[in-house]
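Peer 1: what follows is a predicted structure for the sequence shown.
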Amino acid sequence: MRAVITFLALIVFMTALPALASMPNVGEAAPALVIPRTDGEVFDLSKLKGKVVILHFWATWCAPCREEMPELAAYYQRANPKNVEVLAISVDRKHDIDNVKAVLHPLGFHGAMYNAATSNDWGSPSGIPATYVIDREGVVKAVMMPDTTPLTESALTDAVKPLLSDKK
């Protein structure tokens, strides 16, 4: 039953988003992304060179997304915030921003609304949840999705740790 609900939610999600460029693959440069966070500050991916960035695409109505959020929070609480930036980008509709804020508030990392982006060359996620790990040079180094590489605290540690110790 859960799989049917997730499948139907994914269909609704994909039809609600505009058709944009495809999401980047591992080894490709991270596309431009400028988006207001839910706290009012502006997130500009191009200004985060030198930091490892984790972008997590999700929705409040997505059960697998909600299951992954504590894993992301556990990782973020252990990570060095000076070297790692996390942004949870909700694909919920604009009027659901209060629900998005309520989910994110206890987790400790920033969020944004996908449809509020002022510059977005990322395109529409092919599915959610989807998590992208971007190195300090702006290159996508890992993509985590439930059917390939599920997001876990351990998987994030394995993906991010080498990027933090790399002395380029």
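Peer 2: All right, it came through fine.

Peer 1: all contacts plus neighbour counts: C-alpha atoms, from now on.
Peer 2: Noted.

Peer 1: and the spatially most central residue of the chain, what does it touch?
Peer 2: Taking C-alpha atoms, centre = their mean, the centroid of the chain lies closest to residue 56, which sits 1.3 Å from it. Residues touching residue 56, when contacts are defined by C-alpha atoms under 8 Å, 6 or more residues apart in numbering, comprise 86, 87, 88, 89, 129, 130, 131, 132.

Peer 1: just confirm residue 68 is within a helix.
Peer 2: Yes: in this structure, residue 68 lies within a helix as judged by DSSP: H, G, I helix; E, B strand; the rest coil.

Peer 1: follow-up on the earlier one: in the sheet, who's paired with the residue nearest to the centre of the chain?
Peer 2: residue 88, residue 131 (DSSP bridges).

Peer 1: model confidence score at it, please.
Peer 2: pLDDT recorded at residue 56 is 96.

Peer 1: so how far is residue 32 from it?
Peer 2: 15 Å (C-alpha to C-alpha, to the nearest Å).

Peer 1: could you do residue 95 as well?
Peer 2: Going from residue 95 to residue 32 by C-alpha to C-alpha gives 25 Å.

Peer 1: what about these two, which has more around it?
Peer 2: Applying other C-alpha atoms under 10 Å to residue 95 and residue 32 shows that residue 32 carries more neighbours, namely 14 against 8.

Peer 1: nearest spatial neighbour of residue 37, skipping sequence neighbours?
Peer 2: With C-alpha to C-alpha, 6 or more residues apart in numbering as the criterion, residue 37 has its nearest non-adjacent residue at 4.3 Å, and that residue is residue 112.

Peer 1: hmm, residue 33 and that neighbour touching each other?
Peer 2: No: counting by C-alpha atoms under 8 Å, residue 112 does not reach residue 33; the two are 11.4 Å apart.
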